[in-house]
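> compute the structure for the input listed below.
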Amino acid sequence: MTDRRITCSARARVWYTQRAGNVYATALTWPASGVLQLGSAPALPNCALLGYGPLKCDGGKVTFPPLAKVKSEWAWVVKFSAVQTKVKLSKP
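Residues are numbered from 1 along each chain as shown. Below you'll find the predicted structure:
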């Protein structure tokens, strides 16, 4: 797995990894407002909450479904498909 890199955003408690053109953001806390803010991200491609389905993604903001409709209780992974980025994720 030579293309796997991991980084962390301690402020938002989100871990990132990438593989095969996809980026995965793992949220360790549920966003209180229902919107996960990923910072100054460009327009995001298709995104989905693993175990749930497609989400609304708008320039670094990911709108989560109601918590009662999601199976996971501990962490939530958002998959961004076919991400074209020049940003290199690195180990912390």
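> for the chain, what helix or strand is lowest in average pLDDT?
strand 5-9 (a mean of 49; mean pLDDT, DSSP states H and E).
> strands of the chain, residue ranges please.
Ranges of strands in the chain, per DSSP state E, are 5-9, 14-19, 22-27, 35-37, 47-49, 53-54, 56-58, 61-63, 76-80.
> which of those strands comes out lowest on mean pLDDT?
Mean pLDDT is lowest for strand 5-9 out of the strands of the chain, coming in at a mean of 49.
> so which of the strands of the chain is the most surrounded?
Scoring the strands of the chain by mean neighbour count under mean count of other C-beta atoms under 10 Å gives strand 76-80 as the most buried, with a mean of 20. For every residue, glycine as well, the C-beta is placed using N, CA and C.
> strand partners (parallel or antiparallel) of that strand?
In the sheet, strand 76-80 lines up against strand 22-27 (antiparallel), strand 47-49 (antiparallel) (DSSP bridges).
> and the ones you listed as JSON lines, adding distance to Leu36?
Shown next, in JSON lines, are the strands paired with strand 76-80 (distance: least, C-beta to C-beta, whole Å):
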{"stretch": "strand 22-27", "distance to Leu36": "6"}
{"stretch": "strand 47-49", "distance to Leu36": "10"}
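> closest one to Val77 among those strands?
Each of the strands paired with strand 76-80 has some distance to Val77 by C-beta to C-beta; the shortest is strand 22-27, at 4.9 Å.
> and that closest one with strand 14-19, angle?
Going by axes from the mean of the first three to the mean of the last three C-alpha atoms, to 10 degrees, strand 22-27 is angled at 160 degrees with respect to strand 14-19.
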